[in-house]
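>>> Let me see the structure of the following:
(chains A and B)
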Protein chains: 2
Amino acid sequence: MQKEVRITAKDNPSVKHYRHLRDNKRARRTEGLFVAEGLRIVQDALQYPCLVQQLFVTDAAWERFGRETQIQEMGMILHISDAVGDSMSDTQHPQGVYAVCRIPERRPVTELLRQDGRYLVLCNVQDPGNMGMILRTADALGMDAVISAGSCELFSPKVVRAAMGSLLRVTLCETDALPLTALMRTKHITTYAAVPARDALPLTACSLGRGSAVLIGNEGSGLPGEIIAACDQKVTIPMQGDAESLNAAMAAGILMWEMMKSGR
Amino acid sequence: MQKEVRITAKDNPSVKHYRHLRDNKRARRTEGLFVAEGLRIVQDALQYPCLVQQLFVTDAAWERFGRETQIQEMGMILHISDAVGDSMSDTQHPQGVYAVCRIPERRPVTELLRQDGRYLVLCNVQDPGNMGMILRTADALGMDAVISAGSCELFSPKVVRAAMGSLLRVTLCETDALPLTALMRTKHITTYAAVPARDALPLTACSLGRGSAVLIGNEGSGLPGEIIAACDQKVTIPMQGDAESLNAAMAAGILMWEMMKSGR
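Numbering: from 1, shown residues only, chains lettered A, B, ... in the order given. Predicted structure coming up:
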């Protein structure tokens, strides 16, 4: 692999474009692009055809990682100086590998839902760390899809970092929660609103499995009343201690586990 | 409540002592003290007798929180200027409430273990965020104790922040893993080593419940081989996706849920 291009100017247009995408939610949405930093996530992205649009590698990273197969196979690499890399980095210990990637097309939810599927619906989940942890867990447990209804941006740098490659592996879609519950009813998928309320069905008394969807609400305020009312069931994780101690990502993880375990 | 003392100097000895404890693991250990920042954790700490040694409140925080019952009931309050508060803070948006607290005495593990107890053992878990999330979940689910074997410091500012009041509510102890497995055997507590290996018992085929302990290993390297060998069983969370996607805190949460749910 020859060094075809080497960038030493922080105001190089490609470098500026990377930083613009990194910092600007609207630019990501308009252009349909996101940025990924770090060897592992970039390697994951390189496994999907046409996902990586531009790959930047610092000199130091090229020494360390230049022989990695996926990087070798990427046709065009923009070599950058370490100083340029630092201007692009969002982390304390940059690895020197940066990519501009296409946001994968998401199938419409109407095409996605299957009667025997298992779905997690995130209504207004706002913390990128929680979102990342939920996507990682959904990936590990093999959920059929994670559906975002007004939650934080899925392809922001913080979620990309927290979710690692799971963001690319999990089937994702975005829609509104209320019409989704109606659509799920027509598909015979049972909808469960996750609530802390004592009048809900305890998870221990409930057989989540194929053909079900669990809805998780905002970290602070939970699910809106109208969404809870639109669901088939209310489900709660029985607690002995302080209910505030179970955060949204952990609650989602336990609910996904209960959904997935019965189908094995 | 009169303003008995007001501190405006950042090098006031009490303020310096707070910062020294905040930044110095050895000082925390030697003096048996830790620092807590924020209204909620300080309120939690004030619920325990003699736990809070010193309470610092900025002028701004006094306006906002001075009428909170627990703060009213604390005899001696050190009023500090906002600038002094900023010098003590470890967060981006300080609430202006700081306390020096006594690290609660931990009972020896020999006195703690009960034949029908449910225990989580953390062997070399190093990430304070994971530790905090695990303690919160253990609190919510009502675990009998969390036992640290060579894991990160439990009363570091990062763990205190991540665990919130759960750090005070959960029964904690510290010991070595290998003698612990032997001790548990004499108490008829079944020990389960959590591993990603395929030759382990899948969690779906396993009835964790009363009289069991799950051992979780380091985020990167898992449990040491000699600890796995010393346990009664190997248990694994069956996965369909990428095993690396299930982080230590989430795995611990799912395992705790399985341990706790059967006992209800």
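>>> Quick one: name the residues of chain A near chain B.
A:133, A:136-142, A:164-166, A:169-170, A:202-204, A:237-247, A:249-250, A:253-254, A:257, A:260-261, A:264 (C-beta under 8 Å from any C-beta of the partner chain). For every residue, glycine as well, the C-beta is placed using N, CA and C.
>>> What lies in contact with stretch A:72-85?
Outside stretch A:72-85, the residues that touch it by C-beta atoms under 8 Å, 6 or more residues apart in numbering or on different chains are A:1, A:3-10, A:12, A:14-15, A:46, A:52, A:54-62, A:66, A:71, A:88, A:94, A:96, A:98.
>>> Can you flag the buried ones in the residues of chain A next to chain B?
A:133, A:136-142, A:164-166, A:169-170, A:203, A:237-239, A:241, A:245-247, A:249-250, A:253-254, A:257, A:260-261 (16 or more other C-beta atoms under 10 Å in any protein chain shown).
>>> low-confidence ranges in the stretch 151-264 of chain A?
Scanning the stretch 151-264 of chain A for pLDDT under 70 picks out the ranges A:243, A:263-264.
>>> tell me the SS of the residue in it that chain B sits nearest to?
Using C-beta to the nearest C-beta, A:Gln240 is the residue of the stretch 151-264 of chain A that sits closest to chain B, at 2.8 Å. Classification of A:Gln240 using DSSP: H, G, I helix; E, B strand; the rest coil returns coil.
>>> Now for it: which residues touch it?
A:Gln240 makes contacts with B:140-142, B:260, as judged by C-beta under 8 Å, 6+ apart.
>>> same thing with A:Met133?
A:162-163, A:249, A:253, B:247, B:249-250.
>>> what's the spacing between it and A:Ser89?
To A:Ser89, A:Met133 is 23 Å away according to C-beta to C-beta, to the nearest Å.
>>> how about the nearest residue to A:Pro238 once chain neighbours are set aside, what does it touch?
Nearest non-adjacent residue to A:Pro238, counting by C-beta to C-beta, 6 or more residues apart in numbering or on different chains: A:Pro202, 4.6 Å away. Counting by C-beta under 8 Å, 6+ apart, A:Pro202 touches A:235-238, B:264.
>>> And those residues, which two are furthest apart?
Using C-beta to C-beta, these reach their maximum pairwise distance at A:Val235 and B:Arg264, which is 14.9 Å.
>>> Strands of chain A, start to end?
A:5-7, A:33-37, A:52-58, A:77-80, A:97-102, A:118-123, A:145-149, A:172-174, A:190-194, A:201-202, A:212-216, A:233-236 (DSSP state E).
>>> Okay, and the beta partners of the closest residue in space to A:Ser89 that isn't next to it in sequence?
In this structure, A:Ser89 finds its nearest non-sequential neighbour in A:Glu37, 6.3 Å apart by C-beta to C-beta, 6+ apart. Residues in a beta bridge with A:Glu37, per DSSP bridges, are A:Tyr98.
>>> Verify the contact between A:Glu37 and A:Asp90 for me.
Yes - applying C-beta atoms under 8 Å, one finds A:Glu37 in contact with A:Asp90, separated by 5.8 Å.
>>> overlap in contacts of these two?
The contact lists of A:Glu37 and A:Asp90 share A:157, A:161, where a contact means C-beta under 8 Å, 6+ apart.
>>> okay, those two: which has more neighbours?
A:Glu37 (23 against 16; other C-beta atoms under 10 Å in any protein chain shown).
>>> mind listing what A:Gln126 touches?
A:Gln126 is in contact with A:151-152, A:218-219, counting by C-beta under 8 Å, 6+ apart.
>>> Recalculate using a threshold of 6 Å.
A:Cys152 (C-beta atoms under 6 Å, 6 or more residues apart in numbering or on different chains).
>>> Check the gap between it and chain B for me.
16 Å (C-beta to the nearest C-beta, to the nearest Å).
>>> can you tell me how far that residue sits from B:Ala145?
In terms of C-beta to C-beta, A:Gln126 sits 33 Å off from B:Ala145.
>>> With A:Met143 instead?
The gap separating A:Met143 from B:Ala145 is 32 Å, by C-beta to C-beta.
>>> Quickly note the distance from the residue nearest the centre of chain A to A:Arg107.
The residue lying closest to the centre of chain A (C-alpha atoms, centre = their mean) is A:Leu167, at 3.9 Å. Distance, A:Leu167 to A:Arg107, by C-beta to C-beta: 16 Å.
>>> A:Asp44 now?
20 Å.
>>> quick one, which of those two is more surrounded?
Neighbours per residue, other C-beta under 10 Å: of A:Asp44 and A:Arg107, the larger number sits with A:Asp44, 20 against 12.
>>> now the more buried one, nearest residue through space, not along the chain?
A:Gly165 is the one closest to A:Asp44 (C-beta to C-beta, 6+ apart), at 3.2 Å.
>>> got it, and A:Gln115?
When the adjacent residues along the chain are set aside, A:Gln115 lies closest to A:His188, with 5.1 Å between them (C-beta to C-beta, 6+ apart).
>>> Just confirm the one you found contacts A:Arg114, I think it does.
No - using C-beta atoms under 6 Å, A:His188 makes no contact with A:Arg114, being 10.0 Å away.
>>> How about the contacts made by A:Val121?
A:147, A:149, A:213, A:215.
>>> I'd like to know which of the residues you listed are buried.
Judged by 16+ other C-beta under 10 Å, buried ones among those: A:147, A:149, A:213, A:215.
>>> For the last one, give its distance to B:Leu183.
For A:Leu215, the distance to B:Leu183 under the criterion C-beta to C-beta works out to 44 Å.
>>> now swap in A:Val121 and tell me
On the measure of C-beta to C-beta, A:Val121 and B:Leu183 end up 45 Å apart.
>>> Mind telling me the two of the buried ones among the contacts of A:Val121 farthest from one another?
A:Ala149 and A:Ala213 (11.1 Å).
>>> all helices for the stretch 151-264 of chain A, in order.
A:157-163, A:166-169, A:177-186, A:225-230, A:248-261 (DSSP state H, counting those that start in this stretch).
>>> highest average neighbour count across the ones you listed?
Highest mean neighbour count of the helices of the stretch 151-264 of chain A: helix A:248-261, a mean of 25 (counted as mean count of other C-beta atoms under 10 Å in any protein chain shown).
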